[in-house]
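Q: heads up, no residue letters with this:
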């Protein structure tokens with residue numbers, strides 16, 4: 001009877017140990033890949049860790065750090081930082097995540113401000129170009145009117161002499 005109880009316990013313990021190492025597989029692989037400067041591969045592994053609910057807060061945090069380094073990744077980084085805050089039981093200190101959220105929000109705001117200013121400048125350049133073209137057409141039209149006026153004055157002068 002004792003053997004029958006020990007066997008399932010041993011199987012359960014072995015399964016739990018295997019499950020624990022398996023559970024950490026994606027996250028640990030991703031950390032190793034980061035160390036090897038293989039960002040894209042690490043990103044895939046961190047995403048797999050999130051899907052497998054394997055240290056999701058820390059995985060979101062690491063994904064956000066990767067996206068934050070990319071030129072157009074600030075909005076994705078901010079989303080992942082916020083997800084890291086929402087997940088319970090993070091191994092990353094909450095203050096560190098909050099600091100990253102604030103830094104990312106500021107950087108995103110600055111980027112959007114630059115884009116808006118750039119769009120405004122482009123709009124102003126377009127308006128200036130249109131106004132320059134319009135002014136050129138107006139000057140051509142004024143020149144044509146001056147020539148016509150001169151021709152009409154000559155014609156009137158010739159008629160008054162007759």
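A: Noted; the coordinates are in hand. Remember, it's a predicted structure, so these values are computed and weren't measured experimentally.
Q: can you pull out the helices in the chain?
A: 2-23, 25-35, 39-51, 56-69, 74-86, 94-161 (DSSP state H).
Q: what's the most buried one of those?
A: Of all the helices of the chain, helix 56-69 carries the top mean neighbour count, a mean of 22, counting by mean count of other C-beta atoms under 10 Å. Backbone N, C-alpha and C define where each C-beta goes, glycine included.
Q: what angle separates it from helix 25-35?
A: 30 degrees (axes from the mean of the first three to the mean of the last three C-alpha atoms, to 10 degrees).
Q: what is the orientation angle of helix 56-69 with helix 94-161?
A: Using the same axes, to 10 degrees: helix 56-69 against helix 94-161 is 30 degrees.
Q: on that earlier part again, how about the helices of the chain in CSV, adding mean pLDDT?
A: Listed next are those as CSV, based on pLDDT from 0 to 100:
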stretch, mean pLDDT
helix 2-23, 45
helix 25-35, 90
helix 39-51, 92
helix 56-69, 92
helix 74-86, 91
helix 94-161, 85
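Q: got the end-to-end distance for stretch 26-44?
A: End-to-end distance of stretch 26-44 (C-alpha to C-alpha, to the nearest Å): 9 Å.
Q: can you list contacts of it?
A: 45-46, 48-49, 52, 54-55, 58-59, 62-63, 66, 69 (C-beta atoms under 8 Å, 6 or more residues apart in numbering).
Q: hmm, try it at 7 Å
A: With contacts defined as C-beta atoms under 7 Å, 6 or more residues apart in numbering, stretch 26-44 is touched by 45, 46, 48, 49, 52, 54, 55, 58, 59, 62, 63, 66.
Q: now it, how far from the chain's geometric center?
A: The chain centre lies 21 Å from the centre of stretch 26-44; the measure is C-alpha atoms, centre = their mean, to the nearest Å.
Q: which pair in the contacts of stretch 26-44 spans the largest distance?
A: 52 and 66 (18.1 Å; C-beta to C-beta).
Q: quick revisit: looking at the contacts of stretch 26-44, spot the one nearest residue 95.
A: Once C-beta to C-beta is applied, the member of these that ends up nearest residue 95 is residue 58, at 14.7 Å.
Q: Next up, the contacts around that closest one.
A: 27, 90, 91, 92.
Q: Could you rerun that using 8 Å?
A: Residue 58 touches 27, 84, 90, 91, 92, counting by C-beta under 8 Å, 6+ apart.
Q: Kindly reformat these as JSON lines containing distance to residue 74.
A: Listed next are those as JSON lines, based on distance: C-beta to C-beta, whole Å:
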{"residue": "27", "distance to residue 74": "24"}
{"residue": "84", "distance to residue 74": "15"}
{"residue": "90", "distance to residue 74": "21"}
{"residue": "91", "distance to residue 74": "24"}
{"residue": "92", "distance to residue 74": "19"}
